[in-house]
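> need a 3D model of the following:
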Amino acid sequence: MRRQRFQNKVATGRFVLPVALLTAAACWTTVILLHTNAMREADWPLWLQGIGSRLPQGIFLPLAGFALHVLASILLINLNNVFTIIRIRTSLQSFFYLLLAAALPSLYGVIPGLLAGLCFLTAIYLLFGSYRQEKSSGALFNSFAFAGIASLFVPQSLLLIPLLWIGASSFQSLNLKSLFASLLGFALPWWMLLSYAVLTETTQEFFSQLFDETVLFRPLGYGFDPWMVLPLGLLFLLFAASTLHCFLSEYEDKIRTRSYLHFLMLFGIYLFVGICLQPYLLTAFSSLLLMVVSLLAAHLFALTSSRWSNFFFVIILIGILSIFIFHVWML
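Reported below is the predicted structural model:
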């Protein structure tokens with residue numbers, strides 16, 4: 001019988017999620033009280049700028065961000081429970097997600113990126129559900145519709161669309177009919193926005209967003225800020241260790257689970273490469289990156305029980321705390 005180490009107690013603990021929620025709430029409260037005006041607020045898309053300008057300023061956006069992060073943590077638990085990505089019931093993925101999100105005060109008020117992350121998480125959930133379905137058109141239509149909604153909040157999300165087709169192909173759910181369904185699903189939100197623009201006589205703003213804001217490639221290193229180095233370094237270390245564990249222990253997982261994990265690993269690599277080449281994308285894709293890394297990290301720490309993995313778990317927690325302290329000091 002394996003010894004119950006600290007990481008295993010956390011992975012199987014009943015109060016892990018409440019502790020993470022309280023810790024994240026404490027971090028949010030600290031930052032809001034000390035540095036309300038120093039937090040970064042992402043640019044809203046043109047079609048949302050009017051709504052964004054009418055929202056209460058100050059602490060509203062950070063509080064709304066906290067609520068969206070909590071919703072994402074709940075969806076992560078449901079994703080694991082439905083598709084058994086981790087062989088045990090655990091809240092460790094939400095534990096990591098909330099702590100990592102709390103450690104980045106600069107991104108507390110980035111509402112468009114959070115909404116896009118939630119839409120893509122829903123798209124991935126629907127995509128996983130299409131695994132080896134003979135009639136997968138409905139699932140892919142819905143999945144790509146949510147991806148299309150994400151692109152309305154963050155136009156650069158268009159860069160992630162090919163990954164969904166790669167995933168559908170690896171899940172053996174992509175055929176000619178489902179391909180057309182995915183195209184229709186992705187186009188649906190844009191058609192609805194165009195209809196709204198025609199009715200309100202704001203087609204100029206619509207095409208401005210479509211052609212001006214959807215600049216997918218900027219100069220290499222565009223938007224780089226020194227504060228990005230530490231969180232990206234920690235996230236990549238956690239991602240690399242989790243990916244290595246998935247490859248070494250994949251024989252213990254079902255074929256279906258391996259396919260899900262391989263897709264998440266590909267998604268993570270794609271995000272890291274994109275953010276390293278275009279650092280400004282970190283603001284837009286931070287929530288989605290945290291989701292992917294948290295799922296893979298939970299798979300690592302929930303299914304291992306060695307002295308080294310326990311040591312690595314403690315180091316990661318210390319690293320998250322250090323990043324939070326550093327960012328509060330920098331603010």
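> which of the helices or strands spans the residue nearest the centre of the chain?
Centroid-nearest residue in the chain, with C-alpha atoms, centre = their mean: Leu288, separated by 1.5 Å. In this assignment (DSSP states H and E), Leu288 forms part of helix 281-302.
> how about low-confidence regions in the stretch 1-150 of the chain?
Within the stretch 1-150 of the chain, the ranges that satisfy pLDDT under 70 run 1-3, 35-58.
> how about 80 then?
The stretch 1-150 of the chain contains residues with pLDDT under 80 at 1-4, 34-62, 109.
> what ranges do the helices span in it?
6-12, 16-35, 46-54, 60-83, 92-102, 111-129, 137-153 (DSSP state H, counting those that start in this stretch).
> helices or strands next to the last one in the packing?
Contacting helix 137-153 under the criterion 3 or more C-beta pairs under 8 Å, 6 or more residues apart in numbering; DSSP states H and E are the following elements: helix 111-129, helix 161-170, helix 176-199. Just so you know, the C-beta spots here come from the backbone N, C-alpha and C atoms, and that holds for glycine as well.
> cutoff 6 Å now
In this structure, helix 137-153 packs against helix 111-129, helix 176-199, with contacts taken as 3 or more C-beta pairs under 6 Å, 6 or more residues apart in numbering; DSSP states H and E.
> pick the most buried one from the ones you listed.
Counting by mean count of other C-beta atoms under 10 Å, helix 111-129 has the highest mean neighbour count of the helices and strands packed on helix 137-153, with a mean of 24.
> gap between it and the chain center?
How far helix 111-129 lies from its chain's middle: 8 Å, per C-alpha atoms, centre = their mean, to the nearest Å.
> contacts for that helix?
The contact list for helix 111-129, computed with C-beta atoms under 6 Å, 6 or more residues apart in numbering, reads 42, 61, 65, 68, 72, 75, 79, 83, 139, 142-143, 146-147, 149-150, 153-154, 157, 167, 260, 283-284, 286-288, 291.
> again, only using 7 Å
With contacts defined as C-beta atoms under 7 Å, 6 or more residues apart in numbering, helix 111-129 is touched by 42, 44-45, 61, 64-65, 68, 71-72, 75, 79, 83, 139, 142-143, 146-147, 149-150, 153-154, 157, 160, 164, 167-168, 260, 283-288, 291.
> what does stretch 87-94 give?
For stretch 87-94, the external contacting residues (C-beta under 7 Å, 6+ apart) are 10-12, 16-17, 20, 73, 76-77, 80-81, 294-295, 298, 301-303.
> for ChimeraX, what selects the buried ones among those residues?
Remark: buried members of the contacts of stretch 87-94, expressed as a ChimeraX selection using 16 or more other C-beta atoms under 10 Å:
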select :10,11,16,17,20,73,76,77,80,294,295,298,301,302,303
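> among the helices and strands packed on helix 137-153, which is nearest Leu237?
With distances scored as C-beta to C-beta, the stretch of the helices and strands packed on helix 137-153 nearest to Leu237 is helix 111-129 (21.4 Å).
> return the closest one as CSV; C-alpha atoms alone will do.
Provided in CSV are the C-alpha atoms of helix 111-129 (Å, rounded to 0.1, in the frame of the first residue of the first chain):
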residue,chain,number,x,y,z
ILE,A,111,-12.8,39.9,-18.4
PRO,A,112,-12.7,39.3,-22.1
GLY,A,113,-9.9,36.7,-21.7
LEU,A,114,-11.9,35.0,-18.9
LEU,A,115,-15.0,34.8,-21.0
ALA,A,116,-13.1,33.4,-23.9
GLY,A,117,-11.5,30.8,-21.6
LEU,A,118,-14.8,29.7,-20.3
CYS,A,119,-16.2,29.4,-23.9
PHE,A,120,-13.2,27.3,-25.0
LEU,A,121,-13.5,25.1,-21.9
THR,A,122,-17.1,24.4,-22.9
ALA,A,123,-16.0,23.8,-26.5
ILE,A,124,-13.4,21.3,-25.2
TYR,A,125,-16.1,19.6,-23.1
LEU,A,126,-18.4,19.2,-26.1
LEU,A,127,-15.4,18.0,-28.2
PHE,A,128,-14.5,15.3,-25.7
GLY,A,129,-18.2,14.2,-25.8
